[in-house]
Structure formats: C-alpha cells, structure tokens
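Undergrad: the following block contains a protein sequence and its predicted model.
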Amino acid sequence: MEAERKIRILVAKPGLDGHDRGARIVARAFRDAGFEVIYTGCHQSPEQIVQTAVQEDVDMIGLSILSGAHTYSFPRIMELLGENNAEDITVVGGGIFPLEDIPKLKELGIKEIFEPGAKLSDIIDWVRQNIKPRQAVVA
Amino acid sequence: MTEKTLHMTIVDQILKGNVRTTARVLRDIDDQIPSARSILKELYPHTGRAHIIGLTGSPGVGKSSLVDQLTLRIRKEGLTVGILAVDPTSPFSGGAILGDRIRMQRHFLDPGVFIRSLATRGHFGGLTRSTNDMITVLDAMGKDIILVETVGVGQDEVEIAQSAHTTLLVTIPGMGDEIQAIKAGIMEIGNIFVVNKADREGGRKTLQELRNLIELGMRRREETGWEPLILETEAVKGRGIEELYQGIRRHREYLMTNDHGQWDSALAKRARTHFIEVLKDELLETILHRMASRGHSLETQIEKVKNKEADPYSLVQEILARELR
C-alpha cells in the first residue's frame, strides 16, 4: 500500500535572533497545508540545521532570520549541504533582508526569499509549485 | 547498476552507518514504498543487538526532555543512540508539526546520535505504522540503544510495550486520581514508572498512588519476576537521571538473566507484532492489486457498502474467496 508522499520541511532559525513568531506562524500554515514540518526552535548553527535536514530527509529548508546575519549563515548552510551530498534540498529564506543582498543570496542557490508582507497563501502556493517529494531510493 | 547491486550498495551503506542513505530509506519506509521492503529483508539478519526503550505518557509530561537527558547519560558510556520521536498528524489537513527535536538540540552534532521525527499519519496506538521497520533500520545501522518516544497518549495507547524491551511510563504529579490509576490500559505496561517534574506539588501523593497500584498488581509481578520501579526525576535539571539510567540497566539485566525467560518472551512479543503487521500489509496489498487487475476498484466496493447494496462482511468474504483461490 503506497501512501501519498508527504512534503517534509525543516523550519529553522539560524543564529542569535530569538524572534520566532514569524517562523511559528509559517510552520503552522505549512501544517495546515498538509506538510510535515520539523521545527527545531531558535539559535541554530548552520551545522545543526544541515544535520537536522539530513537526518530528517526534508525536501526543503525554510530559514527565518531577522538579525542580518544571513550573510554568514546562508552561505555556510549552502556549503555544508554540498559537503553532506545534500544539495538537492531546496533552501528558501524569510525575514528582513537588505534589497541588494537578495540577488546575492539567490546566486548562492537560495531558491526564494520571502520578505515582510509575503502572504502565507503565496508561500504555500510557491511550495506546492516548486517542491516535489523526492524519488524513492530504489524505484 | 542492476537493481540487485543497487540494493546491496544501499544495505551496505546503512550497515556502515551512512546517515544520508539511512535517512532516505527511513522516508521510503514511512511512505510505504514497496521497494523499501527489499532493503528491510536484507537488513533484518543484522538486527537484534539494540536495546529498545520506549517512553510513553500524556502530552507535556516531559518525554522529550527525558530522552534528551537519557541520551546525554548513555553517550557517557560511549554507547550510540537512535531516537524515534512521534508527534501527531492533524486529522484535518494531514500535516504535522514535529517539535520533539527542540529539547534535543545538544545532540544534533553528535555523530553517535541519530534522531528522526515521525508523524502518526492517522495511525492510532501511540506509534506510527512504520515504527517497527524504522527500529529495524536503526538496529542494523548499529545503534546500541534505541529510544522510542510515543505521541502524547491517554489511556489505551499501549503499542509501545509490544515494540520495546523496556517501557517507561512517564507521569507528573497531579495527573489523575486513583480511579484513573485502576483502569486497565496504559498503567499496566510500565516496567519503570517515572514521576517527572517531581518537585511540583502533589509529588508525594502521586508516588504513593503508584506504589499502591503496583502493590495491587502483585500477581503480574509474580508471573514476571519484575517489580516495576518508581522513580522521581526533574528532567530539565537532570535530577534523577542517573537512577533512571541504572534502573533501565537493571531491567535489561533482569530480561537477560532471569529464569522466567523474559528476554525470550520480549523477543517473541516483538516478533509476533512485527510479523502480523507485515502479514496484514502484504495481504491487503496483494488483494487490492488482484482486484485492480480485474478492474475492480476499492472505491467501487466502498460505494456498494455506503449505498447499502452490500454489507461489508459478505463483500469481504466474497472478495477473499475470489482473489485468494
């Protein structure tokens, strides 16, 4: 009996920023959209985020950040995903970013950035269109 | 690469403890991909080493915090740990928020600890349909101790006792009166009772109620030769964890050494549950497959029952007679 494959998403907050209201609301909206959300709380290092993503075999990592430290944490996370042979996991960001940083983040391979004012329904639609649960290890 | 050699490569990677491959196979098992079964077949002979410890209890009693503290203690012995933590799936959306990891952050970078969060996906009983198979994988991967944290349970979710060698029933002061405690079900499955948040008001009364309960359960104790332990902890402060760890070791020693054949019966219990689970799944799949090949869909049968054109009993008998000839 093959069950429907669920989209699994890690919602994580890198760095010292402890404001997780936004991340929690997005996690809740993902749950209501039928996704399985792994929520790990605040103050995560890039290493912790990538290890969690690998162990939980997620399809996407949603990084919530308001502190401005994305210039360190986002590149580091992308680098670690590569080292762990997990570059197929899609990474998106949400929070506050200087406009000039957004193209740089996308160049790193961050697929989308959601800024303040992004509607929950738009984020969910984006996930539905862009994230597919991956293929079985053995077909 | 042929399918057979691909399977063997995957099996080999799991046996060597490759985290990425293991994590992916766990996903396939959870999603009930048929090909995952061929991997489980190869892994099964490599299992049987791990000590499987279940933690169950109501929501909010501190199961995740106890898993965190126990993991810390177990790692001091140099033993490796696999953790399966179950949280509920929303019955409305089918989605889930899996938050047990929040309490386990300090172990994320420890290569000797593998943590996986699971959603119930509509399964009742405290675990998920895939939990036993996932235990197989973590056992084959070489984890010495596997901690299985159930979803927050109420009264009747006793599945964990069939899957674990040692079951911890976690409660907190003031959870329920004596009538709750004499009902059948969850209170009967604990090998070790843990009163967590023991500094709270009513701690002593809860301990006393548990002692009375166990006293009443003398008959079961005489059958098994194990007197359930009652231990106090304050997981967030780490108080009582050493005693709990020693209690778990004592239970394992008891299972391994006593004359009642408890280890054997724990294995038999696990084997029986697992076998029946697989039998049911395979039977169902075989029959649905055969029905489909004749162009009989499941939906058509359901429609017949719904419209009272047939009763489910006769319909199932009819289908079985036809498909299992």
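TA: Everything's here; your move.

Undergrad: count of neighbours near residue 33?
TA: Unless you meant another one, I'm taking chain A. Applying other C-beta atoms under 10 Å in any protein chain shown, we find 20 other residues in the vicinity of residue A:33. The C-beta positions use only the backbone N, C-alpha and C, and glycine is treated the same way.

Undergrad: right idea, wrong chain: chain B
TA: If we define neighbours as other C-beta under 10 Å, then residue B:33 has 20 of them.

Undergrad: also residue A:115?
TA: Here the count is done by other C-beta under 10 Å, and residue A:115 has 12 residues near it.

Undergrad: show me the contacts for the nearest residue to it once chain neighbours are set aside.
TA: In this structure, residue A:115 finds its nearest non-sequential neighbour in residue A:97, 6.8 Å apart by C-beta to C-beta, 6 or more residues apart in numbering or on different chains. For residue A:97, the set of contacting residues under the criterion of C-beta atoms under 8 Å, 6 or more residues apart in numbering or on different chains consists of A:70, A:105, A:113, A:115.

Undergrad: my read is that the last one contacts residue A:96, right?
TA: Meaning residue A:115. Yes. Contact status for residue A:115 versus residue A:96: in contact at 7.4 Å, counting by C-beta atoms under 8 Å.

Undergrad: can you give me the mean pLDDT across stretch A:52-68?
TA: Stretch A:52-68 comes out with an average pLDDT of 95.

Undergrad: quick one on the thing from earlier: what about the residue nearest to residue A:115, which SS state?
TA: coil (DSSP: H, G, I helix; E, B strand; the rest coil).

Undergrad: residue A:64 too?
TA: Going by three-state DSSP, the state assigned to residue A:64 is strand.

Undergrad: now do the helices in the chain.
TA: Since no chain was named, I'll use chain A. Counting by DSSP state H, chain A forms helices over residues A:21-32, A:46-56, A:70-83, A:101-108, A:120-130, given from the N-terminal end onward.

Undergrad: hmm, no, I was thinking of chain B.
TA: Across chain B, reading from the start of the chain, the helices by DSSP H fall at B:3-15, B:19-30, B:34-43, B:63-76, B:131-140, B:160-163, B:178-182, B:203-216, B:218-224, B:241-257, B:262-293, B:298-306, B:312-323.

Undergrad: closest point of the stretch 201-325 of chain B to chain A, which residue?
TA: Going by C-beta to the nearest C-beta, chain A is nearest to residue B:285 of the stretch 201-325 of chain B, at 5.2 Å.

Undergrad: tell me, how many residues neighbour that residue?
TA: Neighbouring residues of residue B:285 were enumerated by other C-beta under 10 Å; the total is 15.

Undergrad: go on, the one 5 residues further on?
TA: Other residues near residue B:290 number 15, with proximity taken as other C-beta under 10 Å.

Undergrad: re the thing from before, tabulate the helices of chain A (JSON lines), appending mean neighbour count.
TA: Conversion of those to JSON lines gives the following (neighbours: other C-beta atoms under 10 Å in any protein chain shown):
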{"stretch": "helix A:21-32", "mean neighbour count": "19"}
{"stretch": "helix A:46-56", "mean neighbour count": "22"}
{"stretch": "helix A:70-83", "mean neighbour count": "18"}
{"stretch": "helix A:101-108", "mean neighbour count": "14"}
{"stretch": "helix A:120-130", "mean neighbour count": "14"}
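
Undergrad: what sits opposite the residue nearest the centre of chain A in the beta ladder?
TA: Centroid-nearest residue in chain A, with C-alpha atoms, centre = their mean: residue A:62, separated by 1.7 Å. When assigned by DSSP bridges, residue A:62 has beta-bridge partners residue A:11, residue A:92.

Undergrad: surely it touches residue A:10?
TA: Yes. Using C-beta under 8 Å as the test, residue A:62 is close enough to residue A:10 to be in contact (7.0 Å).

Undergrad: list the residues that contact residue 80.
TA: Defaulting to chain A. Residue A:80 is in contact with A:46, A:47, A:50, counting by C-beta under 8 Å, 6+ apart.

Undergrad: hmm, I had chain B in mind actually
TA: Taking C-beta under 8 Å, 6+ apart as the criterion, residue B:80 is in contact with B:112, B:113, B:142, B:143, B:144, B:145.

Undergrad: quick check: it vs residue B:150, distance?
TA: Residue B:80 sits 22 Å away from residue B:150, going by C-beta to C-beta, to the nearest Å.

Undergrad: next, count neighbours for residue B:319.
TA: 16.

Undergrad: check the one 5 residues further on too.
TA: Here the number of neighbours of residue B:324 (other C-beta under 10 Å) works out to 10.

Undergrad: per-residue confidence for residue 23?
TA: Looking at chain A here, since you left the chain open. 93.

Undergrad: I was thinking of chain B, sorry if that wasn't clear
TA: Reading off the confidence values, residue B:23 has pLDDT 96.

Undergrad: what sits closest to it if chain neighbours are left out?
TA: Counting by C-beta to C-beta, 6+ apart, residue A:57 is the residue found nearest to residue B:23 once chain neighbours are left out, at 4.2 Å.

Undergrad: give me every residue that touches residue A:53.
TA: When contacts are taken as C-beta under 8 Å, 6+ apart, residue A:53 is in contact with A:10, A:61, A:81, A:86, A:89.

Undergrad: how about the nearest residue to the third one once chain neighbours are set aside, phi and psi?
TA: Put plainly, it is residue A:81. Setting aside the residues directly before and after it, residue A:81 is nearest to residue A:87 in space (C-beta to C-beta, 6+ apart), at 5.3 Å. Here is the backbone geometry of residue A:87 (degrees, to the nearest 10): phi -70, psi -10.

Undergrad: domain map for chain B?
TA: B:1-46, B:48-260, B:274-323 (automatic domain parsing).

Undergrad: hey, which of these is tucked in deepest?
TA: Ranked by mean neighbour count, the domains of chain B are led by domain B:48-260 with a mean of 19 (mean count of other C-beta atoms under 10 Å in any protein chain shown).

Undergrad: state the mean pLDDT of that one.
TA: With pLDDT averaged residue by residue, domain B:48-260 scores 88.

Undergrad: please apply the same query to stretch B:276-293.
TA: The average pLDDT for stretch B:276-293 rounds to 88.

Undergrad: wait, which of the contacts of residue A:53 is closest to residue B:88?
TA: Proximity of the contacts of residue A:53 to residue B:88, judged by C-beta to C-beta, is greatest for residue A:10, which lies at 18.5 Å.

Undergrad: correct me, but the closest one touches residue A:41?
TA: No. Residue A:10 lies out of contact with residue A:41 (C-beta under 8 Å); the separation is 11.7 Å.

Undergrad: more neighbours, those two?
TA: residue A:10 (30 against 17).

Undergrad: can you pull the contacts of that one?
TA: Contact partners of residue A:10, counting by C-beta under 8 Å, 6+ apart, are A:37, A:38, A:40, A:49, A:52, A:53, A:56, A:58, A:60, A:61, A:62.

Undergrad: how about the residues of the stretch 151-300 of chain B near chain A?
TA: B:281, B:284, B:285, B:288 (C-beta under 8 Å from any C-beta of the partner chain).
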